[in-house]
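Trainee: predicted coordinates and the sequence they were generated for:
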Amino acid sequence: MSTHPFPARCLRLFLCLSAVFVLATNINAADSNPPEGFRALFNGEDLDGWHGDNPHTTVKAADGKREQAIADQQAEFQAHWSVDNGELVNDGQGPYATTDEEFGDIEFTLEYKTVAKADSGIYLRGTPQVQIWDFTEEGGKWDRNADKGSGGLFNNSKGAAGQLPLVLADKAFGEWNKFRIIQIGSRTTVYLNDKLVVDNAIMENYWDKTRLSPLPARGPIHLQTHGGEIRWRNIFVRDIPIDEANERLRGDDKATGFTSIFNGQDFAGWKGAVDNYEVIDGAIVCKEGHGGNLFTEEQYDDFVVRVEFKVPPGGNNGLAIRYPGEGRPSYDGMTELQVLDDTAVKYAKLDPRQYHGAVYGMVAPHRGYLRPVGEWNYQEVTVKGPTIKVELNGSVIVDADVSKVTEFKDDAPHPGKDLTRGHFGFAGHNDPVMFRNVAIKKLAE
């Protein structure tokens, strides 16, 4: 007689079924191995690398008390967040799971599963939020556009790009949903379950009620808890390198209606201080110790210009806007937009209207959005009527109407600020600042 408690063929069947069960379990469980180029933010075992922080609570802390306000939330964080089967689990209460690390330009992926009538969200750079809804009518939030689905930038202004998702992409309750988020500066793209729901939209700064400040240059990721169990897994991030960030921000010039105005070889189509500039590796470079205004032969009314630039330590130059062809762009033209190494010690005490991106002497920029000295930056400037918008590395640092400016640096008048037409160019100030990939799109009158 066989010594097995059941026939060998039954044993083989049992082992096969066991193997299938184990395989299925592994497929459904969190995968702690990130894709190539990514790293895991959640190790699938414990809360290492995370802490609790409800920023809506923390922001109310008195000056100097922020760290204590966060410390006071840790016991509650530990009580309501746990790890189960390689998944980060919240019971619907407590402060938000917050990364210890802060992030700038990233590609970020995760999966989540939640329950009926709960909602949640993902805060980027400490700012709300990529929305997660119960999208069903039974969820009771169709009056807040929950029927449009998850993934939108919920706290953007009503009607602003990205505020509502482009398509409904949510899966049914009980199924895992997957986000892929790309954020460069304030520019945010969101895929939900492989469907594009936000297309390169500016994510507005919720914490600035005027909505004039861009997102912080860096900040943590928060996973919001809001009224029902939510599970998270496969939380991976990739830091986007500068060259890729610039390329993504720029997109395709021809496809978006831009025309190159620099051929990368010589100064065909340009005039002015041609002898004070040179072309090096496809870039326009102001010769060290030289300056002057290099500008296009053509003149422009309303336009958008794209340009990449690199400043050396202490570097100083400028973008001439509607320049009449003589005099100083900063005063006799509509303006000179500063191109400057804001970090240089010698510039520490400048007038705020002199730092990088400033409408010189008239409008101060938001600072802190330049890439490190010696790296290429991407800038897009929109000039329409009396308005100027400057977007630096994906963040809007100036958005102003110069016709309304009445206070000037040193009380010096700007007679050219109301010009409606002029040349575009560069205003050199003796430093080897570099420019490349210069393209313009004329705007319809």
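Mentor: Thanks, I have it.

Trainee: what pLDDT does residue 8 get?
Mentor: Looking at residue 8, its pLDDT stands at 41.

Trainee: wait, I meant residue 174
Mentor: pLDDT at residue 174 comes out at 87.

Trainee: three-state assignment of it?
Mentor: When classified by DSSP: H, G, I helix; E, B strand; the rest coil, residue 174 comes out as coil.

Trainee: for the closest residue in space to it that isn't next to it in sequence, name its beta-bridge partners.
Mentor: Spatial nearest neighbour of residue 174, chain neighbours left out: residue 113 (7.2 Å); criterion: Cβ to Cβ, 6 or more residues apart in numbering. C-beta coordinates here come from the backbone N, C-alpha and C atoms, glycine included. Residue 113 has the following beta-bridge partners by DSSP bridges: residue 231.

Trainee: who's in contact with residue 113?
Mentor: Contact partners of residue 113, counting by Cβ atoms under 8 Å, 6 or more residues apart in numbering, are 174, 175, 176, 177, 230, 231.

Trainee: any figure for the gap between it and residue 84?
Mentor: Shown here: residue 113 relative to residue 84, a distance of 12 Å by Cβ to Cβ, to the nearest Å.

Trainee: hey, what's in contact with both of the two?
Mentor: What both residue 113 and residue 84 touch, as defined by Cβ under 8 Å, 6+ apart, is the set residue 231.

Trainee: re earlier: considering the contacts of residue 113, which possesses the most neighbours?
Mentor: Taking other Cβ atoms under 10 Å as the neighbour criterion, residue 230 ranks highest of these with 24 neighbours.

Trainee: from residue 33, how far out is the closest residue to it other than its chain neighbours?
Mentor: The shortest distance from residue 230 to any non-neighbouring residue, by Cβ to Cβ, 6+ apart, is to residue 114 (4.3 Å). Computed as Cβ to Cβ, the residue 114 to residue 33 distance reads 24 Å.

Trainee: more neighbours: which of those two?
Mentor: Legend: neighbour count by other Cβ under 10 Å for residue 114 and residue 33, higher for residue 114 (25 against 10).

Trainee: low-scoring stretches of this structure, by residue?
Mentor: Low-confidence segments of the chain, defined by pLDDT under 70: 1-32, 445.

Trainee: in the stretch 101-250 of the chain, which spans are strands?
Mentor: For the stretch 101-250 of the chain, the strands defined by DSSP state E, counting those that start in this stretch occupy 106-114, 120-124, 127-132, 177-184, 187-192, 195-202, 222-223, 230-239.

Trainee: please name the nearest non-neighbouring residue to residue 68.
Mentor: Nearest one to residue 68, counting by Cβ to Cβ, 6+ apart, is residue 61 at 7.3 Å.

Trainee: follow-up on the earlier one: pick the one among the contacts of residue 113 closest to residue 133.
Mentor: Among the contacts of residue 113, residue 177 lies closest to residue 133 (Cβ to Cβ), at 10.7 Å.

Trainee: how many residues are close by residue 341?
Mentor: Around residue 341 there are 20 residues (other Cβ under 10 Å).

Trainee: compute the distance between it and residue 184, please.
Mentor: 22 Å.

Trainee: now do residue 375
Mentor: 14 Å.

Trainee: ok now do the residue nearest to residue 230, which residues does it touch?
Mentor: With contacts defined as Cβ under 8 Å, 6+ apart, residue 114 is in contact with 120, 132, 134, 173, 228, 229, 230, 231.

Trainee: how much space is there between the residue nearest to residue 174 and residue 173?
Mentor: In terms of Cβ to Cβ, residue 113 sits 8 Å off from residue 173.

Trainee: quick one: contacts for residue 120?
Mentor: 112, 114, 132, 223, 224, 225, 226, 230.

Trainee: if the fourth one is in a bridge, with which residues?
Mentor: Here residue 223 shows beta-bridge partners residue 97, residue 122, assigned using DSSP bridges.
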